[in-house]
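Asker: next come a sequence and a model predicted from it.
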Amino acid sequence: MIYLLAVIVPPLALLIQGKIFQAVFNAVLWILGLVFVIIGGWILWAITVLHAIIVVHGARADANTQKIVDAINANKGN
C-alpha cells in the first residue's frame, strides 16, 4: 500500500515513513514536475517516484533488520 502511495503522492509516502527532510526535498521536485509537466516535467515526477520508492524500501528493510537484531539479542539472554 505504501508503494502505491509512493507512486501517486511521493512526498506523503516519505512523511508516513518518518523521513521529513527527504519528504520536503521530494515535495519541491514533485511540485516543480507538476508545474512544468508540459515541457518535460514528467522526468522530475519520475525521479521523485523513484526516490520515494527507494527510500520507502530502505526504511522497511532497516525495520526488518532491526527486528532480526532484537530477536537475536533477546535469545542471547536465555
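Answerer: Yes, it's here.
Asker: list the buried residues in the strand or helix carrying Lys67.
Answerer: Element membership for Lys67 (DSSP states H and E) is helix 42-76. Within helix 42-76, the residues that qualify as buried are 44-45, 48-49, 51-53, 55-56, 59, counting by 16 or more other CB atoms under 10 Å. To be clear about C-beta, it is placed using only N, CA and C from the backbone, and glycine gets the same treatment.
Asker: distance between that helix and the chain's centre?
Answerer: With CA atoms, centre = their mean, to the nearest Å as the basis, helix 42-76 stands 8 Å off its chain's centre.
Asker: I'd like the mean pLDDT over that helix, please.
Answerer: For helix 42-76, mean pLDDT rounds to 91.
Asker: number of nearby residues for Ile20?
Answerer: Counted with other CB atoms under 10 Å, the neighbours of Ile20 add up to 10.
Asker: once you drop chain neighbours, what's closest to it?
Answerer: If the residues on either side of it in the chain are set aside, Ile20 comes closest to Leu14, at 8.0 Å by CB to CB, 6 or more residues apart in numbering.
Asker: wait, Val56 sits on Ala13?
Answerer: Yes. With contact defined as CB atoms under 8 Å, Val56 counts as touching Ala13 (5.7 Å).
Asker: what touches both of those two?
Answerer: Counting by CB atoms under 8 Å, 6 or more residues apart in numbering, the contacts common to Val56 and Ala13 are 2-3, 6.
Asker: can you pick the most crowded of those?
Answerer: When neighbours are counted by other CB under 10 Å, Ala6 leads the shared contacts of Val56 and Ala13 with 26 neighbours.
Asker: who's in contact with it?
Answerer: Counting by CB under 8 Å, 6+ apart, Ala6 makes contact with 13-14, 49, 52-53, 56.
Asker: circling back: okay if I get the shared contacts of Val56 and Ala13 as a markdown table plus pLDDT?
Answerer: Output for those, formatted as a markdown table (pLDDT from 0 to 100):
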| residue | pLDDT |
| --- | --- |
| Ile2 | 88 |
| Tyr3 | 90 |
| Ala6 | 90 |
